[in-house]
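Undergrad: Have a look at this fold, sequence not included:
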Ligand SMILES: Nc1nc2c(ncn2[C@@H]2O[C@H](COP(=O)(O)OP(=O)(O)OP(=O)(O)O)[C@@H](O)[C@H]2O)c(=O)[nH]1
Ligand SMILES: [Zn+2]
């Protein structure tokens, strides 16, 4: 039998069967995870093979289908171990706001770099546009244009006033979509506007979780329509940590990627090296200074982490 993992509660998983019904499933014995040292071999979003066991309607997970992608959180205690937050993500929505609170470009660009490294397409959702004055609206247009030019689409929306909701619903359709963003940008409000009956489904699923067992749930997947799923990652604002060697960082900036062959040195970090094609593009206004600043700031952080 095949299934889709919707939720992990420690040793038990909530799995959606192909007929839409839910099952409680667990792993048996040791489970091989190719090369990766993981604290959890099975993640939300995994497609698994199951065998029914006993009379209680529970199942055992015997196999995990290869993942198209996955996002990881490094364990704080055991640095060698990583925790897979979710897998097989078709699209990530990054909810941002220009006011109340203001999302920094540093945060946005860091998210985009990580998503590039994970091979997850991102669409930016500029929420709370009902609060924008004329100047902010114009500023927003310039910001959206900047991201559009390098390949990131965006939607201007207001969860509070129901603006842009249909457009977002069309983008979600038939996909597994991850919702991210800083606290307070309106993720919950947006999700509740998009899927008014989600609370109901949440309750149904949590009835399956073990009572009295203390576990931390990192992610949960919700079925919000035919073949359409949404992943919520409570408490996780970023996409996790990816170790990107400094000379490779520019590969994850789409607007820099095409220029890299043109730098004089093939290990160019695009800082002060002579004959740097990226610097030339920045000076010529072809690469935005905002993005270049983010690039430099991420490079510096890499220094600090070592
Ligand atoms: N004016 C306005 N307020 C909004 C909008 N969307 C959300 N809010 C408000 O912003 C505040 C934060 O919204 P939440 O949905 O809780 O934000 P969140 O991103 O889920 O925050 P966390 O749960 O902390 O991650 C609430 O007071 C919402 O009512 C919007 O489109 N316009
Ligand atoms: Zn260069």
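TA: That came in fine, so what should we check first? Small disclaimer: the values here were computed from a predicted structure and weren't measured. Ligands and ions are numbered 1, 2, ... in the order given.

Undergrad: residues in contact with the most far-flung residue of the chain relative to its centre?
TA: Most distant from the centre of the chain: residue 55, at 37.7 Å, with distances by C-alpha atoms, centre = their mean. Not one residue lies near residue 55 by C-beta atoms under 8 Å, 6 or more residues apart in numbering. Where you see a C-beta, it was placed from the backbone N, CA and C, and this is true even at glycine.

Undergrad: Would you map the strands across the stretch 51-200 of the chain?
TA: With strands called from DSSP state E, counting those that start in this stretch, the stretch 51-200 of the chain shows them at 58-64, 70-74, 82-87, 91-96, 122-126, 154-156, 176-180.

Undergrad: Can you say which of the ones you listed is nearest to ligand 2?
TA: Smallest distance to ligand 2 across the strands of the stretch 51-200 of the chain (C-beta to the ion): 24.7 Å, for strand 122-126.

Undergrad: What pairs with the closest one, parallel or antiparallel?
TA: In the sheet, strand 122-126 lines up against strand 91-96 (parallel), strand 154-156 (parallel) (DSSP bridges).

Undergrad: Need the winner for burial among those strands.
TA: strand 91-96 (a mean of 23; mean count of other C-beta atoms under 10 Å).

Undergrad: Over that one, what's the mean pLDDT, rounded is fine.
TA: Throughout strand 91-96, pLDDT has a mean value of 96.

Undergrad: cool, and stretch 292-306?
TA: Here the average pLDDT along stretch 292-306 is 83.

Undergrad: coming back round to it: identify whichever of the strands of the stretch 51-200 of the chain lies nearest to residue 8.
TA: strand 82-87 (9.4 Å; C-beta to C-beta).

Undergrad: Let me see the contact set for residue 221.
TA: By C-beta under 8 Å, 6+ apart, the contact set of residue 221 is 4, 5, 6, 7, 44, 45, 86, 176, 229, 230, 231, 232.

Undergrad: Using the three-state scheme, assign residue 242.
TA: The three-state assignment at residue 242 reads coil, by DSSP: H, G, I helix; E, B strand; the rest coil.

Undergrad: these two touch, right, it and residue 111?
TA: No. Residue 242 is not in contact with residue 111 according to C-beta atoms under 8 Å; the separation is 11.3 Å.

Undergrad: Those two: which has the busier surroundings?
TA: Taking other C-beta atoms under 10 Å, residue 242 and residue 111 do not tie; residue 111 has more neighbours (22 against 15).

Undergrad: For the residue nearest to that one when sequence neighbours are not counted, name its beta-bridge partners.
TA: Of all residues not flanking residue 111 in the chain, residue 94 sits nearest, at 5.4 Å (C-beta to C-beta, 6 or more residues apart in numbering). Using DSSP bridges, the bridge partners assigned to residue 94 are residue 124, residue 180.

Undergrad: ok, residue 94 - contacts?
TA: So residue 94 contacts 108, 111, 112, 122, 123, 124, 125, 180, 181 (C-beta under 8 Å, 6+ apart).

Undergrad: Give me the nearest residue to the third one, chain neighbours excluded.
TA: Of all residues beyond its chain neighbours, the one nearest residue 112 is residue 122 (5.9 Å), with distances taken as C-beta to C-beta, 6+ apart.

Undergrad: The one you found contacts residue 115, doesn't it?
TA: Yes. The criterion here is C-beta under 8 Å, and residue 122 meets it with residue 115 at 4.7 Å.

Undergrad: Give the intersection of the neighbour lists for the two.
TA: Common contacts of residue 122 and residue 115 (C-beta under 8 Å, 6+ apart): residue 92.

Undergrad: which ones are touching the residue in the stretch 151-300 of the chain that ligand 1 sits nearest to?
TA: Using C-beta to the nearest ligand atom, the single residue of the stretch 151-300 of the chain nearest to ligand 1 is residue 186, 2.9 Å away. Applying C-beta under 8 Å, 6+ apart to residue 186 gives the contacts 95, 97, 127, 128, 159, 160.

Undergrad: so which of those residues comes closest to residue 248?
TA: residue 95 (28.0 Å).

Undergrad: tell me the pLDDT at the nearest residue to the closest one once chain neighbours are set aside?
TA: Distance criterion C-beta to C-beta, 6+ apart; nearest residue to residue 95, sequence neighbours excluded, is residue 181 at 3.4 Å. For residue 181, the model assigns a pLDDT of 90.

Undergrad: how near is residue 181 to residue 63?
TA: Relative to residue 63, residue 181 is positioned 34 Å away (C-beta to C-beta, to the nearest Å).

Undergrad: Please apply the same query to residue 119.
TA: 23 Å.

Undergrad: Tell me how many other residues crowd residue 117.
TA: For residue 117, the neighbour count with other C-beta under 10 Å is 19.

Undergrad: and the nearest residue to it once chain neighbours are set aside, what pLDDT?
TA: With C-beta to C-beta, 6+ apart as the criterion, residue 117 has its nearest non-adjacent residue at 4.5 Å, and that residue is residue 242. Looking at residue 242, its pLDDT stands at 70.
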